[in-house]
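> Okay, structure incoming, though there's no sequence with it:
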């Protein structure tokens, strides 16, 4: 029986992996499981800590900010090691590369099993020789590994694959409790923080083509700025093409479901992804969805092209525009695909996915 779960992640900033931690922690707490979360940094605009969870800061202190990066890494590892010895959780779930490395190293001598989790496309995140060697060595020392897709899992050596599980991201109840909207407004929507991986430039170019046939529609992009200059470049492109009233940068919202549930369709334009939470949430709302068939295979694992959504080639704005036009020109068919997409609620409801994480934790502890 798992009574105390600890999560380790870099921060609780508004990203996909962080949202998974919050959703799992919230459900585990509702079951009477003790939940603690160890983070290395605090960021602006973080997800709220679930009521009942305890957060531990294993990051560097203000007086340590001028230390060399190697010394900072050692301090974080030491603090996590001491925390594990003190709190003795039944299992430590770590998410994302840096936290995974630290968790495996810090757990040595504590008796706490570590289950690492890869949350992005490993061909991007582990492309260098150093990270290939380091991940192969350290992840083989972990008690287990959770991957979001079989494509991500198959990147790693057999000794890691053999003790791993592929588990979908959980969808929060704000999305699973909603019904499909009875009518749709003239808006195409996208959700996700602004960075180059989201490739909103391709989406903007595709929507410019859509406007030739559907000038009464708008594109709404929800999400915060990651600071990598992609948002600035997108704004400049929008301005230079005089599309300020047609391509709308909506910023962050605490009510994604309420903002997008009645849109004409949802588009994921990413060049690569792990398992896209926003796409799963749009499907749960019954939105007609269009996604790039991007690595590491998340969209393709979710969408059967032409049945519960549409897939298009990465970076192909013409194909993306054609997919959007299909939805706008054939609303009855779009509604049919949107209804079929809602099956994701059964596959990835928070209760079912939490069961899978906990059952896996029990199996590696035996």
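That came through, no problem. In this text, all values refer to a predicted model and were calculated from it rather than measured experimentally.
> I'd like to know how many residues surround the closest residue to residue 29 other than its chain neighbours.
Taking Cβ to Cβ, 6 or more residues apart in numbering as the measure, residue 29 lies nearest to residue 52, with 4.5 Å between them; neighbours along the chain are not counted. C-betas here are computed from N, CA, C, even on glycine. Other residues within reach of residue 52, judged by other Cβ atoms under 10 Å, total 14.
> tell me the secondary structure for residue 52?
coil (DSSP: H, G, I helix; E, B strand; the rest coil).
> Just the pLDDT for it.
pLDDT, residue 52: 97.
> And it, how close does it get to residue 1?
Residue 52 sits 18 Å away from residue 1, going by Cβ to Cβ, to the nearest Å.
> confidence score at residue 176?
88.
> In this structure residue 321 contacts residue 206, no?
Yes - the criterion here is Cβ atoms under 8 Å, and residue 321 meets it with residue 206 at 4.0 Å.
> Need the overlap of contacts for the two.
Between them, residue 321 and residue 206 share no contacting residue under Cβ atoms under 8 Å, 6 or more residues apart in numbering.
> The residue lying closest to residue 248 once chain neighbours are set aside pairs with what?
Of all residues not flanking residue 248 in the chain, residue 220 sits nearest, at 5.0 Å (Cβ to Cβ, 6+ apart). For residue 220, the beta-bridge partners are residue 189, residue 248 (DSSP bridges).
> burial of residue 220, as a residue count?
17.
> list the contacts for it?
Neighbours of residue 220 in contact, by Cβ under 8 Å, 6+ apart: 187-190, 248, 250, 259-260, 263.
> what about 10 Å?
185, 187-191, 247-250, 259-260, 263 (Cβ atoms under 10 Å, 6 or more residues apart in numbering).
> and this protein, what are its domains?
4-170+349-365, 173-347 (automatic domain parsing).
> just the helices in the stretch 101-250 of the chain please.
Counting by DSSP state H, counting those that start in this stretch, the stretch 101-250 of the chain has these helices, from start to end: 122-125, 129-141, 150-153, 158-161, 173-176, 200-213, 230-240.
> other SSEs contacting the fourth one?
When you say that, I think you mean helix 158-161. helix 129-141, strand 144-147, helix 150-153 (3 or more Cβ pairs under 10 Å, 6 or more residues apart in numbering; DSSP states H and E).
> Residue 199 is nearest to which of the ones you listed?
helix 150-153 (18.8 Å; Cβ to Cβ).
> Quick check: mean pLDDT of the closest one?
Here the average pLDDT along helix 150-153 is 92.
> Over to stretch 27-34?
Here the average pLDDT along stretch 27-34 is 97.
> for it, which positions count as buried?
27-29, 33-34 (16 or more other Cβ atoms under 10 Å).
> first vs last residue of it, how far apart are they?
11 Å (Cα to Cα, to the nearest Å).
> roughly how far out does stretch 161-168 sit from the chain middle?
17 Å (Cα atoms, centre = their mean, to the nearest Å).
> Identify the residues contacting the nearest residue to residue 348 once chain neighbours are set aside.
Closest residue in space to residue 348, ignoring its immediate chain neighbours: residue 168 at 4.4 Å, by Cβ to Cβ, 6+ apart. Counting by Cβ under 10 Å, 6+ apart, residue 168 touches 148-149, 275, 280, 298, 301-302, 344, 347-349, 352-353, 356.
> switch to 8 Å and redo it
Contacts of residue 168 (Cβ under 8 Å, 6+ apart): 148, 275, 280, 301, 347-348, 353.
> now those residues: which count as buried?
Counted by 16+ other Cβ under 10 Å, the contacts of residue 168 give 148, 275, 280, 348, 353 as buried.
> Let's have those in JSON lines, adding distance to residue 362 and secondary structure.
Formatted as JSON lines, the buried ones among the contacts of residue 168 follow (distance: Cβ to Cβ, whole Å; DSSP: H, G, I helix; E, B strand; the rest coil):
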{"residue": "148", "distance to residue 362": "21", "secondary structure": "coil"}
{"residue": "275", "distance to residue 362": "23", "secondary structure": "coil"}
{"residue": "280", "distance to residue 362": "25", "secondary structure": "helix"}
{"residue": "348", "distance to residue 362": "21", "secondary structure": "helix"}
{"residue": "353", "distance to residue 362": "15", "secondary structure": "helix"}
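> picking up where we left off before, in JSON lines: the helices and strands packed on helix 158-161, plus mean neighbour count and distance to residue 327.
Listed next are the helices and strands packed on helix 158-161 as JSON lines, based on neighbours: other Cβ atoms under 10 Å; distance: least, Cβ to Cβ, whole Å:
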{"stretch": "helix 129-141", "mean neighbour count": "15", "distance to residue 327": "39"}
{"stretch": "strand 144-147", "mean neighbour count": "24", "distance to residue 327": "31"}
{"stretch": "helix 150-153", "mean neighbour count": "20", "distance to residue 327": "27"}
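> of all these, which lies closest to residue 11?
Nearest of the helices and strands packed on helix 158-161 (Cβ to Cβ): strand 144-147, 19.5 Å.
> and residue 91, which of the helices of the stretch 101-250 of the chain is closest to it?
helix 129-141 (15.1 Å).
> Outside of that closest one itself, list whatever touches it.
Counting by Cβ under 8 Å, 6+ apart, residues outside helix 129-141 touching it are 97, 100-101, 104-105, 116, 122, 125-126, 145, 156-157, 159-160.
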